[in-house]
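In: what would the 3D arrangement of this be:
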Amino acid sequence: MLTFLSRRLVASIIVLLLASYLVYILSANAGDPLAELRVGTAKNQEALIQMRAHQLHLDIPTPLRYFLWLGGILQGFVGHFTLGVNVQGEPVTGQIADAVVVTIQLIVASTILAIVFGILIGITTALRQYSGYDYTVTFLSFLFFSLPSFFIAVILKAYVGIAFNNYLADPHVAWWAYVILPLVSGGIWTGIIGGNARRRWMTFVIATLATLFAVVFVAVTNWLETPTLGAADILLVAIVAGGLAVLITALTTGLENRKSLYTALTTVAVGVALYFPFLAISDSLNLLSLLGLGVVAAAVGLLIGWLYAGYDRWQSARTGAIVAVVTGLVIVANRLMRSWHTYVEYVANGRPIATVGAVTPNLDDISTNFWIHSLDTFTHLLLPTISLCLISIASYSRYARANLLDVLNSDYIRTARAKGLNQRTIVMRHAFRNALIPLTTIVAFDIGSLLGGAIITETVFSWSGMGNLFNQALKVVDVNTLMGFFVVTAIAAIVFNFLADLAYSALDPRIRVTA
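Out: Predicted structure coming up:
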């Protein structure tokens, strides 16, 4: 392992040096960074030109200037790391740091959601191959994959952002929502679950009635304006968390594993019991303390599963940990919703779905509450995240479907079926893991490239991330900023390629990361 990593690291450094030299030469000869000053009308024009030329070392030949820039990076080994200054004379490191934080904030949410939903959709379509559901999802996947990203972003901005904000001014559930939404939901779930005629009709009826109940609930409780039931929220949390616990158990171990099921339900009961104590301390929490509580919740879930034991303690413990984290997320989401009305009225001025920027201007002057800030982050992330997700989900679902179908036709899967294993065990314990191996490469490359910024999405929604930084630097031939962008994206690509190699060996024991 150490030899392999050493060889890869040395090769990556050599490639990075050669590529950075080539990019620097091309960038430096792409235009004149003094062009803006040359056409200006300032009285001290010559002095400004000379000052900028001195700051950017334009009096030094370009090949030698590269080594001067590289020397600033190598000084990081003695604590003086620098990427130079931009055309305005500001340190590039500060610019890059601010842009990276914004971009990471954007890509983390979109990437996680795209991976989760893409894999789920890919699995369900593979299991329902050549069904109406499969054909529908395939059509939608190719549609979203083919649409330009700017088109999706503009449509979301117009019809999800602006139109929904207008709707919230006088929210009401139209008559057709009581008919169309339940029927559509019933049809979708029937296509996903499938089965014989009796099972399909049962699925359709249950999904239709459940959706109808949800629509009525939203209308009666005025949920869109005030998404909270006060003290009765604990019942809603218990129902949602309990349903998710049963679903997680069914997917991970199967409901026939009673120890895992008891572990999941007990974990939910513990979480619900701590609901009001959590609310009592919630105003004093921050992101770091929430993450700490998440770790504690996972540990409690592991302990509950371990104490229930069963024929496989690890299965129960794993289920308990997952259910504990999910239950915690449900409680946190409910706490956010309790602050929704305040956020809409006093921060968003009745238009909560943000369409511009990454944060509400002067938010700190309006409120310092952690939950208000979290809601503001969520509303600003919503549309750009959906925009990036739709395209990524389309590709991930196709790859997941193709990989799973390939694995399901393997000899060892036929052997598992011949041994009498049920479908859940075959898919989740035997096929799913191997189907993830090719997808690992794609995900690693996507994350590395997204760290370079989504230029079009950031432009449409006015986000000042890495993509916007690169675009602005390219316009004014800001070589040092362009090189800072290159260094970050190149290192990200190298790191995620390493992680992909390590993930291979974790997913497939036959693969060994050696020299």
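In: helix or strand: which one has the closest residue to Tyr399 other than its chain neighbours?
Out: Of all residues not flanking Tyr399 in the chain, Leu439 sits nearest, at 5.4 Å (C-beta to C-beta, 6 or more residues apart in numbering). Every C-beta, even on glycine, is put in place using the N, C-alpha and C of the backbone. Assigned by DSSP states H and E, Leu439 falls within helix 432-450.
In: which elements pack onto that helix?
Out: Secondary-structure packing of helix 432-450 (3 or more C-beta pairs under 8 Å, 6 or more residues apart in numbering; DSSP states H and E): helix 92-127, helix 370-408, helix 479-507.
In: winner for burial among these?
Out: Sort the helices and strands packed on helix 432-450 by mean neighbour count, taking mean count of other C-beta atoms under 10 Å, and helix 370-408 sits at the top with a mean of 21.
In: let me see the domain layout of the chain.
Out: 2-96+463-507, 172-221, 227-349 (automatic domain parsing).
In: what is the rounded mean pLDDT of the first one?
Out: For domain 2-96+463-507, mean pLDDT rounds to 82.
In: where in the protein is pLDDT low?
Out: Scanning the chain for pLDDT under 70 picks out 1, 4, 41, 76-79, 310, 452-453, 509-515.
In: what residue lies at the spatial centre of it?
Out: Residue closest to the average C-alpha location in the chain (C-alpha atoms, centre = their mean): Ala109, at 2.4 Å.
In: excluding chain neighbours, what is closest to that one?
Out: Using C-beta to C-beta, 6+ apart, the nearest residue to Ala109 is Thr385, at 4.8 Å.
In: and that neighbour, what is it in contact with?
Out: By C-beta atoms under 8 Å, 6 or more residues apart in numbering, Thr385 lies in contact with 106, 109-110, 113.
In: now do Gly72
Out: So Gly72 contacts 80-84 (C-beta under 8 Å, 6+ apart).
In: then Glu90?
Out: Per C-beta under 8 Å, 6+ apart, neighbours of Glu90: none.
In: for it, phi and psi?
Out: The phi/psi pair for Glu90 (degrees, to the nearest 10) reads phi -90, psi 150.
In: ok, now how distant is it from Ala402?
Out: 48 Å (C-beta to C-beta, to the nearest Å).
In: follow-up on the earlier one: may I see the buried residues of the helix holding Leu439?
Out: Buried residues in helix 432-450, counted by 16 or more other C-beta atoms under 10 Å: 432, 434-437, 439-444, 446-448, 450.
In: circling back: the residue nearest to the centre of the chain touches Leu383, doesn't it?
Out: No: in this structure, Ala109 is not within contact of Leu383 by C-beta atoms under 8 Å, at 11.6 Å.
In: tally of neighbours for the residue nearest to His373 when sequence neighbours are not counted?
Out: Closest residue in space to His373, ignoring its immediate chain neighbours: Leu363 at 6.7 Å, by C-beta to C-beta, 6+ apart. By other C-beta atoms under 10 Å, 14 other residues sit near Leu363.
In: show me where the stretch 151-300 of the chain has strands.
Out: Counting by DSSP state E, counting those that start in this stretch, the stretch 151-300 of the chain forms no strands at all.
In: Phe486 contacts Leu17, correct?
Out: No: here Phe486 does not reach Leu17: they are 11.9 Å apart, not a contact under C-beta under 8 Å.
In: run the chain-centre distance for stretch 110-125.
Out: Centroid separation between stretch 110-125 and its chain, computed with C-alpha atoms, centre = their mean, to the nearest Å, is 11 Å.
In: so what touches that stretch?
Out: Under C-beta under 8 Å, 6+ apart, the answer for stretch 110-125 is 133-134, 137-138, 192, 384-385, 388-389, 392-401, 403-404, 427, 432, 436, 439, 443, 446-447, 450.
In: so Leu70 touches Ser20, yeah?
Out: Yes: if you go by C-beta under 8 Å, Leu70 and Ser20 touch, sitting 7.5 Å apart.
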